[in-house]
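In: give me a model of this one.
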Amino acid sequence: MSLPKTYKSLVSTVTEGGQLRMEMVEKPMPVPTADQVLIKVEACPINPSDHGVMFGYSDMSKATNDGDALVAPVPPMGMRMMKARIGQALPIGNEGAGTVVAAGESDAAQALMGRTVAAMGGGMYAEYRCVPIMSVLPVNEGNTARQAASSFVNPLTALCFPETMKKEGHTAIVHTAAASNLGQMLVKICKADGIPLVNIVRKQEQVDILKAIGATHIVNSSDEDFIPQLIDAIHETGATLAFDATGGGKLASDILTAMEGAAARTPGAYSIYGSIHHKQVYLYGSLDPSPTTLTRGYGMAWGVGGWLLPNFLAKAGMETAIRLRQRVASELTTTFASTYTDEISLADALNADIVGRYNAKKTGEKFLVNPTL
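Out: Numbers count the residues shown, from 1 in each chain. Modelled structure (predicted):
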């Protein structure tokens, strides 16, 4: 097929004048070499992890449109935090899917011609994207780009939580923001693999969503007896590992407190240093941008740290990564199926009103960018 000489792509720039500017630019059409493929992008999810590059530390409550571009002021603290990216037009979009329309000369690349593939290569909010074949996941025949759009970030993150659990010697998991697309995938994974899972949500309708897919332990943080409920669930499951998508506030501390409370129910020698079993909470998201508050009421055998998918996969090795990706491909329309409430174009993604909606990051609302619109 004949390809255009240029294509449209979204980029985000922090200017010297203290402004974030997200806009559409024209780029020259790349020619794939060796082990590369050129994908005509047809579907890309907007994940919370994309927002960091899109908006950074700008004040999105004051975002407006300047012609076709989205602009937002960046406060002084934000400028200090983003000093390294000032003046750089950063490509946006961690993952997406589409059709391979050109390929490099290697046999592996040529074998992907015409195939529907998912890719995680950054810069996916674009009409075309050239990536190495190692960044590509060919999907099964009959699967669409829309079905494959979210093949990496959520599925691999959900799969790597149990992998982390096993590597660190834990036997059960606590997960927050549990009614999200990722959370629902984790429920299905843990149910299939026999892993006890405590799901923390904040609304009754989210409790109902998880019950409908077979979740066993669900705790609503809005309930007055949230902590007693959480202690009960952790005691029943024996969970000493948690993954927290909220990041800020005191939820991580509440989980550690509940873990200590559950441990105290098991008879043993008293120690002023608390239970001897290590309790770990990993922050993997920032749905709550406020500071993380720890009350230190849970002994001394505990930890709070950051967890990032690429870092874990780098440590886990290629064999693990391939095994997990194969599982995603085989269960793409079941365990790892994603639902979208809105489908928007590249131009729509710059509209201040629409940005306000997808930047709210509400559980149950997920936007899909379709560059072909």
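In: which stretches of the stretch 51-200 of the chain form strands?
Out: Under the criterion DSSP state E, counting those that start in this stretch, strands of the stretch 51-200 of the chain are mapped to 64-66, 69-73, 90-91, 95-103, 116-120, 128-132, 136-138, 173-176, 197-201.
In: who's in contact with Gly114?
Out: Contacts for Gly114 (C-beta atoms under 8 Å, 6 or more residues apart in numbering) come out as 99-100. C-beta here means a position set from N, CA and C on the backbone, and glycine is covered the same way.
In: average pLDDT for the top helix by length along the chain?
Out: Criterion DSSP state H: the longest helix present in the chain is helix 153-167. For helix 153-167, the mean per-residue pLDDT is 97.
In: need the residues that contact it.
Out: 45, 47, 49, 94-95, 120, 171-173, 175, 181-182, 185-186, 189-190, 193, 195, 241, 243, 282, 284, 307, 309, 312-313, 316, 320, 324-325, 327-328, 335-336, 338.
In: quick check: closest non-adjacent residue to Lys250.
Out: Thr293 (4.4 Å; C-beta to C-beta, 6 or more residues apart in numbering).
In: quick one: average confidence on the helix or strand His235 falls within?
Out: Using DSSP states H and E, His235 sits within helix 226-237. Across helix 226-237, the average pLDDT comes to 98.
In: likewise for stretch 66-75?
Out: Stretch 66-75 comes out at a mean pLDDT of 97.
In: one step back: so the longest helix of the chain versus strand 95-103, what angle?
Out: Put simply, helix 153-167 runs at 110 degrees to strand 95-103, going by axes from the mean of the first three to the mean of the last three C-alpha atoms, to 10 degrees.
In: surely the residue nearest to Lys250 and Gly247 touch.
Out: No - the criterion here is C-beta atoms under 8 Å, and Thr293 misses it with Gly247 at 11.2 Å.
In: which one's more surrounded, those two?
Out: Comparing Thr293 with Gly247 by other C-beta atoms under 10 Å, the one with more neighbours is Gly247, at 20 against 12.
In: what's that one sitting at in phi/psi?
Out: phi 80, psi -60 (degrees, to the nearest 10).
In: spit out the contact partners of it.
Out: Contacts of Gly247 by C-beta under 8 Å, 6+ apart are 283, 285-289, 292.
In: for those residues, which one is nearest Glu365?
Out: Glu365 lies nearest to Leu287 out of the contacts of Gly247, by C-beta to C-beta, at 12.7 Å.
In: mind listing what the closest one touches?
Out: 48, 177, 245-248, 361.
In: where exactly do the helices run in the stretch 201-350 of the chain?
Out: Listed in chain order, the helices of the stretch 201-350 of the chain (DSSP state H, counting those that start in this stretch) span 204-212, 226-237, 251-263, 309-316, 318-330.
In: restrict the last one to CA atoms and write it as PDB.
Out: What follows is helix 318-330, C-alpha atoms only, in PDB (Å, rounded to 0.1, in the frame of the first residue of the first chain):
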ATOM      1  CA  MET A 318      13.000 -12.500  29.100                       C
ATOM      2  CA  GLU A 319      11.700 -16.000  29.800                       C
ATOM      3  CA  THR A 320       9.200 -14.600  32.300                       C
ATOM      4  CA  ALA A 321       8.200 -11.700  30.000                       C
ATOM      5  CA  ILE A 322       7.500 -14.100  27.100                       C
ATOM      6  CA  ARG A 323       5.500 -16.400  29.200                       C
ATOM      7  CA  LEU A 324       3.300 -13.600  30.500                       C
ATOM      8  CA  ARG A 325       2.800 -12.100  27.000                       C
ATOM      9  CA  GLN A 326       1.700 -15.500  25.700                       C
ATOM     10  CA  ARG A 327      -0.900 -15.700  28.400                       C
ATOM     11  CA  VAL A 328      -2.200 -12.200  27.500                       C
ATOM     12  CA  ALA A 329      -2.500 -13.200  23.800                       C
ATOM     13  CA  SER A 330      -4.400 -16.500  24.700                       C
END
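In: one step back: among the contacts of Gly247, which ones are buried?
Out: 283, 285-288, 292 (16 or more other C-beta atoms under 10 Å).
In: in strands, which of these fall?
Out: Members of the buried ones among the contacts of Gly247 lying in strands (criterion: DSSP state E): 283, 288, 292.
In: so which of these sits lowest on pLDDT?
Out: Among these, pLDDT bottoms out at Asp288, giving 90.
In: what's across from that one in the sheet?
Out: Gly247 (DSSP bridges).
In: wait, it touches Lys250, no?
Out: No - counting by C-beta under 8 Å, Asp288 does not reach Lys250; the two are 9.7 Å apart.
In: shared neighbours of the two, which are they?
Out: By C-beta under 8 Å, 6+ apart, no residue touches both Asp288 and Lys250.
In: correct me, but Leu230 touches Asn199?
Out: No - in this structure, Leu230 is not within contact of Asn199 by C-beta under 8 Å, at 10.7 Å.
In: anything in contact with each of the two?
Out: Joint contacts of Leu230 and Asn199 (C-beta under 8 Å, 6+ apart) are Val219.
In: which stretches of the stretch 201-350 of the chain have low pLDDT?
Out: The stretch 201-350 of the chain contains residues with pLDDT under 70 at 268-270.
In: and with 90 instead?
Out: Applying pLDDT under 90 to the stretch 201-350 of the chain picks out residues 264-277, 286-287, 289, 296-297, 299.
In: what about the residue lying closest to Gln206 once chain neighbours are set aside, how many neighbours?
Out: Closest residue in space to Gln206, ignoring its immediate chain neighbours: Ala179 at 3.6 Å, by C-beta to C-beta, 6+ apart. A count of nearby residues for Ala179, using other C-beta under 10 Å, gives 24.
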